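1. Please work out how this folds:
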Amino acid sequence: MKSPLILALAAAATLAVTLIPAAAGDIQGDAYDCNELWVMRNEIYKANGYCFTSAKAISQFGNAGCSYDSMTEVPLSRMDRQIIGDAKTSAARQGC
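-> Numbering: from 1, shown residues only. Sure, this is the predicted structure:
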């Protein structure tokens, strides 16, 4: 029997391989509406410690555990930056 850790790692790897290419392609193809793109971008910022300033974002994500007052200070991976960039491009094409 495989250990729980091995099973968890295998599940995480499978999820990453399945979701990442689909998400990038879908964003570029404008498969998400304006609100979904807003949530997608801000979920990344929240996960990386951004302190939101708008009432809408604070209501949706909260500021518990936040560390960065400026989006430019938030440490993001190359993949996070790519997804945020693609989401912004898609939002602009859609007139969000």
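2. Go ahead and flag the most central residue of this protein.
-> I44 (3.4 Å; CA atoms, centre = their mean).
3. quick one: contacts for that one?
-> L76, D80, I83, I84 (CB atoms under 8 Å, 6 or more residues apart in numbering). Using the backbone N, CA and C atoms, a C-beta is placed for each residue, glycine as well.
4. need the contact list for the nearest residue to K46 once chain neighbours are set aside.
-> Excluding the flanking residues, the one nearest K46 by CB to CB, 6 or more residues apart in numbering is F61, at 4.5 Å. Neighbouring residues of F61 by CB under 8 Å, 6+ apart: N42, E43, K46, F52.
5. and the nearest residue to N63 once chain neighbours are set aside, how many residues sit next to it?
-> Spatially, and ignoring its direct neighbours in sequence, N63 is nearest to C51 (5.2 Å; CB to CB, 6+ apart). Per other CB atoms under 10 Å, the neighbour tally for C51 reads 19.
6. ok, now how distant is C51 from R78?
-> Distance check for C51 against R78: by CB to CB, to the nearest Å, it reads 23 Å.
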